[in-house]
Structure formats: structure tokens, C-alpha cells
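S.K.: coordinates only, sequence not included:
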């Protein structure tokens, strides 16, 4: 079963730039062998924003599993992962750019989880103007760790309907991060209700847990009696 070890979030806005970075500092150093997952969102006041990289203080370059960027919009979001850790980082950095100098805003939530063996579900999409939000995906194992980034028009609040935890919310900016340890495999969803109808982008990734150690089905080892001469 995957376990959430620790998490933290951060956000900033940097004015009059074409590139900017955001650092997310975990409460403690991560453990070798674990995984770090990062949900991120970004935008710019001018030009076209883009994601440059997700890295950490020990030089790990994270896999960008999803990067949902709509042409002509600034409310972009995605997910990144790195595992298994061979060192013990604590600070994760998200770097973004824009084609025109302006204000770049970056939001991110970083999670350390244990254990994880592979990315399973990895999906992204957009919605129409809705109050009933339902991001569907399919998993192959129980107890997977799933995390999601959601962006959209600013203002609404959410009511989660099926066990997800809201880890960060900035309704005025239209940015939210969620996670869940899924109790079932197969069809799953991030299902929630918005206080107002809006258009949303979302990106979601789940990771499979490590397989449990094999059980001993052979029974106890028989005792051998030695007879001395």
C-alpha cells in the first residue's frame, strides 16, 4: 500500500520577467527509495507561458507526466514524478517561461510517497462550463496513490464526493491540488461539485504500490533429530 510520507506547497508571482522559478521545501529530507510527485500550475500576464523543468536540490530531473497547456490561456496545469530516489532531496523547483516579459505565476504541491513502482494512470483533459466535475481514469491495482492539478476560472469552491483530499486551494487564482489513496482498481474518478459553473483543465497521475512480499506457504521447516553414537 502506498503511504503519503510528507507534502508541502508554495506559490509565487514574479513581475517583468521571461523566466521564473518556484521552490517547494518539504518538511524533511526525502528517503532513498521513495517517490516524489509534483502537481503544478502556471500562467503569465503576457505572451505564451511554458513549463521549462521540474528539478530538485540534488540534481534530479523529474519526468513531466502531464502538461495541460491551452493555447491562448494562462491557466495551465500538470503532474511530474521522480522515483525511485537514489539520494535524499528536500527542495523541488518548478521553472517556467513566457514568450513576452510579464508576470509569471507558479503554483505547486509536492508529495513524498512510499513505496511506488510505476506510473499507472496518466491523463489530462478540459471541461465545458460545469458544476459537476468528474475526471475519470482507470487503474490496475488497489491502493494506488493518485494526485491531480486543476485550474480554471477563479472563484469557486469545491465539495469532494469520493474520498479525495484537497491539499491546496486558491479560488481567486483558479488553482487546486488534490490527492487520494485509491481503495479499488479499475474505473476511478475525481468527482466533486463546484460552487459555480466554470471551464476547467485537469491533469492526473496515479502510481502503483510495491508488491507485498510473498507469503510463506511451505509451512514450518521440519526439525531434524540427530542421534549421537
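M.R.: That came through, no problem. Nothing here was measured: the structure is a model prediction, and the numbers come from that model.
S.K.: quick one, what contacts residue 49?
M.R.: By Cβ atoms under 8 Å, 6 or more residues apart in numbering, the contact set of residue 49 is 42, 43, 69, 74, 76, 96, 97, 98, 104. Heads up, the C-betas are built off the backbone N, CA and C, glycines and all.
S.K.: Tell me which helix or strand in the protein has the weakest average pLDDT.
M.R.: Least confident element among the helices and strands of the chain, by mean pLDDT, DSSP states H and E: strand 158-160 (a mean of 87).
S.K.: Which strands or helices does it pack on?
M.R.: strand 165-170, strand 186-198 (3 or more Cβ pairs under 8 Å, 6 or more residues apart in numbering; DSSP states H and E).
S.K.: how about 6 Å then?
M.R.: strand 186-198 (3 or more Cβ pairs under 6 Å, 6 or more residues apart in numbering; DSSP states H and E).
S.K.: Which residues does the following helix or strand past the strand it packs on contact?
M.R.: Per DSSP states H and E, the first helix or strand lying C-terminal to strand 186-198 is strand 200-208. Contact partners of strand 200-208, identified using Cβ atoms under 6 Å, 6 or more residues apart in numbering, comprise 65-66, 68, 77-79, 116-124, 126-127, 135, 137, 139, 141, 144-146, 148-152.
S.K.: Restricted to strands, list the residues you listed.
M.R.: 65-66, 68, 77-79, 118-124, 126, 135, 137, 139, 145-146, 148-152 (DSSP state E).
S.K.: Type out the PyMOL command that picks the buried ones from these.
M.R.: A single PyMOL command selects the buried members of the ones in strands among the contacts of strand 200-208 (16 or more other Cβ atoms under 10 Å):
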select buried, resi 65+66+68+77+78+79+119+120+121+122+123+124+135+137+139+145+146+148+149+150+151+152
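S.K.: Can you pull out the low-pLDDT segments for the protein?
M.R.: 70-74, 212-229 (pLDDT under 70).
S.K.: hmm, try it at 90
M.R.: 1, 46-48, 69-75, 115, 127-129, 152-162, 171-172, 194-199, 210-229 (pLDDT under 90).
S.K.: tell me the contacts of residue 184?
M.R.: Counted by Cβ under 6 Å, 6+ apart, residue 184 has contacts residue 142.
S.K.: same question but for residue 188, I mixed them up
M.R.: Each residue near residue 188 by Cβ under 6 Å, 6+ apart is listed here: 137, 139, 182.
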